[in-house]
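A.B. asks: sequence plus the predicted model coming up.
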Amino acid sequence: MADVRPNQVLRALMQRAGLSAQDLATAVNEAEERRFKHEASITGRHVRRWLSGQTAQPHLHQLVGLMDVFHLQGDELGFTLSGRRSRELAGFRPGSTLLVETPAEEDHVLRRSFMIAATGNLLSVAFAPLPASGRIGASDVDRIRESIDRLHAVDDAYGGEQLADIAEQFVAQIEAAMGRCLYGPRVEKALYQVIGQLHASAGWFSFDSGDQARASRNFDSALRASLLANDRLLQARVWAYMSRQSWELGRATETVTIARAALDATRNARDHRLSALLHGRLALGHAASGQGAQCGTALARAETSLDRIGGEPADAWLAFVGPGEVLGTAAMAHMNLGQPDRAAHQEEQGMQLLAPEFRRNRFAKSIHLAECYLAADQVEQAVSMADTALDLYPSVNCPRWAVHLSQFREKVASVDLPVTTAFMERYDATIAS
């Protein structure tokens with residue numbers, strides 16, 4: 001009888017990704033069904049047999065599903081493969097929803113798979129493996145930064161709901177690795193930086209999902225990590241998020257105070273994109289206070305900062321800051337100031353300048369432009385833009401702006417026109433599907 005050898009490699013992969021046996025079974029089923037277009041029926045019992053070594057060589061489709069979940073080759077999963085099975089696997093490459101090009105018509109399916117299997121497919125792809133023992137080095141931190149960038153790529157394309165869970169779990173894994181491994185002072189500082197970045201990201205994802213208390217907790221944790229890392233730019237990033245949150249919650253003075261603190265702390269040391277973003281936050285606060293002149297000055301400074309951006313690549317979290325973003329901020333400010341016609345014109349321009357990869361922002365801008373048009377009594381244009389948002393709704397998961405779309409539907413319900421009736425019917429059908 002052949003020796004039964006537990007699959008320690010697979011167990012380690014699951015531990016790094018925070019997956020239970022049932023989590024992995026669900027993720028592999030999703031991957032197998034997506035790859036082979038048939039129903040898969042792997043259970044937690046199958047996974048436990050893989051781990052114990054009772055099943056030393058899973059079926060071909062199961063192995064390919066595992067390859068997709070962990071984004072590894074078949075011979076890197078810890079199984080004892082026959083020559084025949086190795087040759088069969090040679091025809092497959094590991095894939096993932098983050099690393100392959102996706103036809104537009106399949107976006108909503110992959111987004112759903114990502115959300116359902118968030119603790120499987122995305123985690124295993126997006127999370128850099130951390131050492132089980134020994135030393136944490138600079139290269140480990142670099143891989144963590146790459147993982148954080150991937151999370152923001154998902155947010156840009158699909159919205160950030162549930163990404164806060166993933167970012168927070170990654171923080172827990174990093175902190176656990178810090179407790180069991182050795183590292184020098186420079187790596188320690190870098191680790192606090194990435195922990196702060198992850199908390200900042202988790203805060204933003206929570207904010208965009210409408211969970212303001214969770215967002216605030218993560219922002220506080222990010223500020224604490226930025227102090228440990230002695231990183232003023234990270235502090236300014238967190239303050240940029242907090243300023244936007246304050247404006248959303250109707251705290252105009254606080255919006256201005258936080259934005260000014262970030263500008264003062266990073267004077268002569270910040271990226272031009274960050275300058276544009278912070279001056280935009282300042283403009284929102286002034287507009288909410290009815291201070292039109294100060295708002296105009298802040299917007300002008302945001303545009304000046306934008307003009308100074310060179311050809312250097314942007315940090316992933318700042319990549320959205322461009323002409324479209326600044327014009328969108330101006331539109332929000334002028335809506336605050338009671339100038340919907342001007343706001344609509346600016347948001348129109350902003351949408352034209354928005355890069356195609358920022359689908360989540362296009363969803364948000366479509367809804368905001370619909371609100372601008374409606375406030376300016378341009379009902380047909382408003383409904384047309386809301387229809388554009390509905391086109392994106394199945395493939396973008398952004399609860400905060402979905403609430404705005406729901407509120408728009410309630411407002412147009414009182415307008416007795418064929419276009420509003422058609423929109424409401426389509427909205428109700430889309431939400432119900």
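C.D. replies: Nice, I can see it. Note that the structure is predicted; figures quoted are calculated from it, not measured. Numbers count the residues shown, from 1 in each chain.
A.B. asks: for residue 224, give me its contacts.
C.D. replies: residue 196 (C-beta atoms under 8 Å, 6 or more residues apart in numbering). C-beta here means a position set from N, CA and C on the backbone, and glycine is covered the same way.
A.B. asks: give me that answer again for 10 Å
C.D. replies: 192, 195-196, 199, 238 (C-beta atoms under 10 Å, 6 or more residues apart in numbering).
A.B. asks: so which of these are in strands?
C.D. replies: Judged by DSSP state E, the contacts of residue 224 include no members of strands.
A.B. asks: okay, the spatially most central residue of the chain: pLDDT?
C.D. replies: Centroid-nearest residue in the chain: residue 155, 2.5 Å away (criterion: C-alpha atoms, centre = their mean). Confidence at residue 155, expressed as pLDDT, is 87.
A.B. asks: tell me which element it is part of?
C.D. replies: Per DSSP states H and E: residue 155 is located in helix 138-158.
A.B. asks: from residue 412, how far out is the spatially closest residue to residue 244 that is not a sequence neighbour?
C.D. replies: Leaving aside its sequence neighbours, residue 244 sits nearest to residue 281 (C-beta to C-beta, 6 or more residues apart in numbering; 6.0 Å). Going from residue 281 to residue 412 by C-beta to C-beta, to the nearest Å gives 30 Å.
A.B. asks: ok, now which ones touch the residue lying closest to residue 231 once chain neighbours are set aside?
C.D. replies: Using C-beta to C-beta, 6+ apart and skipping the chain neighbours, the partner closest in space to residue 231 is residue 193 (5.5 Å). Contacts for residue 193 (C-beta under 10 Å, 6+ apart) come out as 141, 144-145, 225-226, 228-231, 233-234.
A.B. asks: buried only: go through those for me.
C.D. replies: Neighbour counting over the contacts of residue 193 (16 or more other C-beta atoms under 10 Å) leaves 141, 144, 225-226, 229, 231, 233-234 as the buried ones.
A.B. asks: nearest to residue 326 among those residues?
C.D. replies: Proximity of those to residue 326 (C-beta to C-beta) peaks at residue 233, which lies at 19.9 Å.
A.B. asks: ok, the closest one - contacts?
C.D. replies: For residue 233, the contacting residues are 193, 226, 262, 265-266, 269-271, 274, 315, by C-beta under 10 Å, 6+ apart.
A.B. asks: helix or strand for it, which one?
C.D. replies: Assessed by DSSP H and E, residue 233 sits inside helix 232-248.
A.B. asks: burial count for the residue nearest to residue 250 when sequence neighbours are not counted?
C.D. replies: Take residue 250 and drop its neighbours on the chain: the residue closest to it by C-beta to C-beta, 6+ apart is residue 288, 7.3 Å away. Residues near residue 288, counting by other C-beta atoms under 10 Å, number 21.
A.B. asks: helices of the stretch 201-350 of the chain, residue ranges please.
C.D. replies: For the stretch 201-350 of the chain, the helices defined by DSSP state H, counting those that start in this stretch occupy 212-229, 232-248, 252-265, 272-288, 292-307, 323-336, 340-352.
A.B. asks: try the stretch 51-200 of the chain
C.D. replies: For the stretch 51-200 of the chain, applying DSSP H, counting those that start in this stretch gives helices covering 60-70, 83-89, 107-116, 123-126, 138-158, 163-180, 185-208.
A.B. asks: can you tell which of these is closest to residue 358?
C.D. replies: Comparison of those against residue 358 by C-beta to C-beta identifies helix 138-158 as nearest, at 5.3 Å.
A.B. asks: and that closest one, what does it pack against?
C.D. replies: Other helices and strands packing on helix 138-158, by 3 or more C-beta pairs under 10 Å, 6 or more residues apart in numbering; DSSP states H and E, are helix 107-116, helix 123-126, helix 163-180, helix 185-208, helix 359-375.
A.B. asks: which of these sits closest to residue 408?
C.D. replies: Across those, the minimum distance to residue 408, taken as C-beta to C-beta, is reached by helix 359-375, at 5.7 Å.
A.B. asks: okay, angle between that closest one and helix 340-352 too, please.
C.D. replies: Here the directions of helix 359-375 and helix 340-352 differ by 160 degrees (axes from the mean of the first three to the mean of the last three C-alpha atoms, to 10 degrees).
A.B. asks: immediately after helix 359-375, which helix or strand?
C.D. replies: Next along the chain after helix 359-375, with elements defined by DSSP H and E, is helix 379-392.
A.B. asks: so after that next one, what's the next helix or strand?
C.D. replies: Following helix 379-392 in sequence, per DSSP H and E, is helix 399-412.
A.B. asks: buried sites along that next one?
C.D. replies: Here helix 399-412 shows 400-402, 404-405, 408-409, 412 as buried, counting by 16+ other C-beta under 10 Å.
A.B. asks: now swap in stretch 271-289 and tell me
C.D. replies: 271-288.
A.B. asks: redo the buried residues of helix 399-412 as TSV? Include pLDDT.
C.D. replies: Below are these laid out as TSV (pLDDT from 0 to 100):
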residue	pLDDT
400	94
401	95
402	93
404	96
405	96
408	97
409	96
412	96
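A.B. asks: how about the nearest residue to residue 378, chain neighbours excluded?
C.D. replies: Residue 378's closest residue in space is residue 344 (C-beta to C-beta, 6+ apart), at 7.2 Å.
A.B. asks: so residue 290 sits against residue 252, correct?
C.D. replies: Yes: Residue 290 lies in contact with residue 252 (C-beta atoms under 10 Å); the separation is 8.5 Å.
A.B. asks: who has more neighbours out of these two?
C.D. replies: With neighbours defined as other C-beta under 10 Å, residue 290 and residue 252 compare such that residue 252 has more, 19 against 12.
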